[in-house]
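Visitor: this one's sequence-less:
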């Protein structure tokens, strides 16, 4: 290759590496990452193959003018930043449509990776607290007292999450320590509040249902290594959360054995209060995934579509798998239609909509009951989580197939 051709080839390689690192770091599922990278390589006239692991991508690139391959590995810590995903989606689509040059695209991607996270530390703490309050009332039928206590505990968990992100050694015990604090405090307040309505909403962001749904979709897309790793991790992670709650509860029980395990439950508020609280919960989940204010309206509508289907259809259809599949279909249908209208990547609203249908709480409840030996039948918690996640993945794939039966072949399609 001539020097000028070699320079252009190096820029193309750098673009693929930057895009791969950004998609991996900001929470794009591997099966969609594969599609996006393959499309970008085709647009750049590169021969490229990609092999995915949970936290790295092995890339082999060669120019169509030469058969000499260049093999590189991209490694990045997994996380979520919807705000940056939207920016990556926008600049790459502009490049694919010849609305910006290769140099401009490279500079913009470098700027995105250098910029601070979309959501600051204090915004994350506030989001955890607001989510605990609203989710306690809406998703777990708690009282106002349950919601207030869950808000305080959620803020504490949010502060610990920020601390874990800055102190690596604490990050290794963050989940268990946070759940011990939540379990201990929720059990201590059992004379005034319901344990489940306080404890589970406080750690709602930590629940692995979103990751398990992603794992089932990757397995369905034949990404066996990443799907298997995510699936096993989600189950073990559920055990860690349930173990932490049980440890905290048992710790208080050893101090004061007179308190009931469940506390004061069945004191749900009027469902009409769900209407003003619902946007708070949707925005809080969006902020926990790194969403910017521009994405909040779409996320609220996406979550509302799934919640309404679950709330009303659940009163008629007793099978939770059927209800979950139809609700997931509704959320994915909205997200893909929004892509047609606004160009916003479906991943942004879908991450909020799927979290509303999260099966992780089933697993944590099952682990907690199992460790308390309340019901040995709860030992099938992992199977129940897998079955519900499978139903959600079927609904999402069905909606995507209806809106884009031949795929999104001419632009970047960052979805779930």
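Guide: Nice, thanks for sending it over. Predicted model, so just to flag it, every value in this text is computed and none were measured.
Visitor: any weak-confidence spans in the protein?
Guide: 1-5, 63-67, 257-263, 320, 358-385, 404-416 (pLDDT under 70).
Visitor: can you give the domain ranges for this structure?
Guide: Here the domain assignment for the chain is 3-114, 121-403, based on automatic domain parsing.
Visitor: of those domains, flag the one that's most buried.
Guide: domain 121-403 (a mean of 20; mean count of other CB atoms under 10 Å). In this view, the C-beta of every residue, glycine as well, is placed from N, C-alpha and C.
Visitor: how far is it from where the chain is centred?
Guide: Distance of domain 121-403 from the chain centroid (CA atoms, centre = their mean, to the nearest Å) equals 10 Å.
Visitor: quick check: end-to-end length of that domain?
Guide: Start-to-end span of domain 121-403 (CA to CA, to the nearest Å) is 37 Å.
Visitor: who's in contact with stretch 200-207?
Guide: The contact list for stretch 200-207 (CB atoms under 8 Å, 6 or more residues apart in numbering) reads 128, 131-133, 135-136, 139-140, 142, 147, 150, 153-154, 156-157, 161, 175, 178-179, 182, 186, 238, 241, 245, 285, 288, 355, 358, 360-361, 363-365.
Visitor: filter these down to just the ones in helices.
Guide: Mapping the contacts of stretch 200-207 onto helices (DSSP state H) picks out 128, 131-133, 135-136, 147, 150, 153-154, 156-157, 161, 175, 178-179, 182, 186, 238, 241, 245, 285, 288, 355, 360-361, 363-365.
Visitor: which parts of the stretch 201-350 of the chain are helices?
Guide: Remark: helices assigned in the stretch 201-350 of the chain by DSSP state H, counting those that start in this stretch are 209-220, 224-255, 274-288, 296-313, 320-342, 347-356.
Visitor: export these to CSV and tack on distance to residue 61?
Guide: Shown next, in CSV, are those (distance: least, CB to CB, whole Å):
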stretch, distance to residue 61
helix 209-220, 23
helix 224-255, 20
helix 274-288, 35
helix 296-313, 35
helix 320-342, 28
helix 347-356, 25
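Visitor: wait, which of these is closest to residue 113?
Guide: Taking CB to CB, helix 347-356 is the member of the helices of the stretch 201-350 of the chain nearest to residue 113, at 18.0 Å.
Visitor: the closest one packs against which elements?
Guide: Judged by 3 or more CB pairs under 8 Å, 6 or more residues apart in numbering; DSSP states H and E, helix 347-356 is in contact with helix 82-96, helix 209-220, helix 274-288, helix 296-313, helix 320-342, helix 381-403.
Visitor: what's the angle between that helix and helix 209-220?
Guide: Put simply, helix 347-356 runs at 110 degrees to helix 209-220, going by axes from the mean of the first three to the mean of the last three CA atoms, to 10 degrees.
Visitor: returning to that earlier point: include distance to residue 29 when you put the helices and strands packed on helix 347-356 into JSON lines, please.
Guide: Below are the helices and strands packed on helix 347-356 laid out as JSON lines (distance: least, CB to CB, whole Å):
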{"stretch": "helix 82-96", "distance to residue 29": "11"}
{"stretch": "helix 209-220", "distance to residue 29": "5"}
{"stretch": "helix 274-288", "distance to residue 29": "18"}
{"stretch": "helix 296-313", "distance to residue 29": "17"}
{"stretch": "helix 320-342", "distance to residue 29": "13"}
{"stretch": "helix 381-403", "distance to residue 29": "10"}
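Visitor: quickly find the element holding residue 14.
Guide: If you go by DSSP states H and E, residue 14 is part of helix 3-25.
Visitor: now do that helix: everything it contacts.
Guide: Residues outside helix 3-25 that contact it (CB under 8 Å, 6+ apart): 1, 33, 36-37, 40-41, 44-46, 48, 50, 55-57, 59, 61, 63, 65, 70, 72, 74, 76-79, 81, 84-85, 88, 92, 102-103, 105-106, 109-110, 112-113, 414.
Visitor: so which of those are in helices?
Guide: Mapping the contacts of helix 3-25 onto helices (DSSP H) picks out 33, 36-37, 40-41, 84-85, 88, 92, 102-103, 105-106, 109-110, 112-113.
Visitor: ok, now how distant is the spatially most central residue of the chain from residue 43?
Guide: Nearest residue to the geometric centre of the chain (CA atoms, centre = their mean): residue 210, 4.8 Å. Counting by CB to CB, to the nearest Å, the gap between residue 210 and residue 43 amounts to 30 Å.
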